[in-house]
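Q: Requesting a structural model of the entry that follows:
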Amino acid sequence: MDRVNATELEWSELDHGDTRFRRKQLAEAADGEGIGCSLYELPPGSRSWPYHYHTGNEEAIYVLSGTGVLRDAEGNHDLRAGEYVALPVGEEGAHRVINDSEGPLRYLAISTMRDPDVTVYPDAGAIGVFAGSPPGGHEERTVEGFFEREDAHEFWDLQS
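A: Numbers count the residues shown, from 1 in each chain. Okay, the predicted model is just below:
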């Protein structure tokens with residue numbers, strides 16, 4: 001059994017447009033394999049990963065502190081400390097966390113780590129394909145890419 005204390009880990013940061021957060025990958029630091037868990041901190045006015053869902057991995061969110069909004073397949077819902085949200089595989093699990101408050105929003109994001117996975121980004125009309133390492137994994141991937149869904153072709157049209 002490996003264990004890790006979040007206070008001993010460095011934050012990684014992502015800042016791209018309105019997507020801005022700090023993250024500590026707890027499960028990875030504890031050599032977790034089948035379940036991922038990351039501590040996220042969103043500063044005021046920022047958002048998590050773009051609105052998306054997974055076709056192979058279930059996710060969940062547990063709010064530790066602060067308040068915000070969860071955008072899901074049914075609309076926007078207030079989030080506050082102590083709330084747990086299950087995000088199933090498929091379109092009904094689509095989500096994005098938004099910090100619309102004056103203070104930081106901290107939560108745990110938990111997920112299965114199944115490989116391969118296709119992640120769908122409805123707002124962007126795009127998909128992400130991952131094989132060899134699931135989303136959030138750091139092993140070398142055998143297949144990875146992001147594609148606009150409108151670029152889809154029939155299989156036989158691509159054969160020479």
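
Q: Quick check: buried residues in stretch 20-37?
A: Residues of stretch 20-37 classed as buried by neighbour count (16 or more other CB atoms under 10 Å): 20, 21, 22, 23, 24, 25, 26, 27, 28, 29, 36, 37. Just so you know, the C-beta spots here come from the backbone N, C-alpha and C atoms, and that holds for glycine as well.

Q: can you give me the helices for this protein?
A: Remark: helices assigned in the chain by DSSP state H are 26-29.

Q: residue closest to the middle of it?
A: Central residue of the chain (CA atoms, centre = their mean): residue 49, 5.9 Å from the mean position.

Q: among the helices and strands of this protein, which one scores worst on average pLDDT?
A: When the helices and strands of the chain are compared on mean pLDDT, DSSP states H and E, strand 143-148 comes out lowest with a mean of 90.

Q: List the strands paired with it, with their directions.
A: Take DSSP bridges as the rule and strand 143-148 pairs in its sheet with strand 126-131 (antiparallel).

Q: dump the residue contacts of residue 79.
A: 61, 63, 67, 68, 69, 70, 85, 97, 105, 107 (CB atoms under 8 Å, 6 or more residues apart in numbering).

Q: between those, which is closest to residue 124?
A: Of all the contacts of residue 79, residue 124 sits closest to residue 97, with 17.2 Å by CB to CB.

Q: buried ones in stretch 1-14?
A: residue 4.

Q: what does stretch 81-100 give?
A: In stretch 81-100, counting by 16+ other CB under 10 Å, buried: 85, 87, 89, 93, 94, 95, 96, 97, 98, 99, 100.

Q: so what's the nearest residue to residue 14 once chain neighbours are set aside up against?
A: For residue 14, ignoring the flanking residues on the chain, the nearest one in space by CB to CB, 6 or more residues apart in numbering is residue 21 at 5.8 Å. Residues in contact with residue 21 (CB under 8 Å, 6+ apart) are 13, 14, 40, 41, 42, 43, 46, 48.

Q: Nothing else from me, thank you.
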